[in-house]
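Participant: Sequence plus predicted model, see below.
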Amino acid sequence: MTFGGVHDFTHVCIVTDLFETDLGALLKTKQNLTKQCIFFLYQVLHGV
């Protein structure tokens, strides 16, 4: 597989294990998030 460079990218795909819930449902719940979950969400959103 070859690619032309950084400026040729038009899509970014994140592949993970299947989660029991989605981000929207998680953020709507009233339960407190763990520090690990908050850090993971921060890293994902910071990358976007």
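Facilitator: Everything's here; your move.

Participant: what about Leu33, how many neighbours?
Facilitator: By the measure other CB atoms under 10 Å, the count of residues near Leu33 is 13. (Each C-beta comes from the backbone N, C-alpha and C, glycine too.)

Participant: how much space between it and Leu41?
Facilitator: Using CB to CB, to the nearest Å, Leu33 is found at 8 Å from Leu41.

Participant: what's the answer for Leu26, then?
Facilitator: As for Leu26, its distance to Leu41 is 8 Å (criterion: CB to CB).

Participant: Give me the common contacts of those two.
Facilitator: Counting by CB atoms under 8 Å, 6 or more residues apart in numbering, the common neighbours of Leu26 and Leu41 are Leu33.

Participant: what about stretch 17-28, average pLDDT?
Facilitator: Here stretch 17-28 scores 82 as its mean pLDDT.

Participant: And that stretch, how far out from the chain middle?
Facilitator: Between the centre of stretch 17-28 and the centre of its chain there are 11 Å (CA atoms, centre = their mean, to the nearest Å).

Participant: Quote the end-to-end distance of it.
Facilitator: 22 Å (CA to CA, to the nearest Å).

Participant: then stretch 41-48 to CSV, C-alphas only?
Facilitator: Once non-C-alpha atoms are left out, stretch 41-48 reads as follows in CSV (Å, rounded to 0.1, in the frame of the first residue of the first chain):
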residue,chain,number,x,y,z
LEU,A,41,-12.5,10.8,25.7
TYR,A,42,-10.1,13.8,26.0
GLN,A,43,-7.5,12.1,23.8
VAL,A,44,-10.1,11.1,21.2
LEU,A,45,-11.7,14.5,21.0
HIS,A,46,-8.3,16.3,21.1
GLY,A,47,-7.3,14.2,18.0
VAL,A,48,-10.4,15.1,16.1
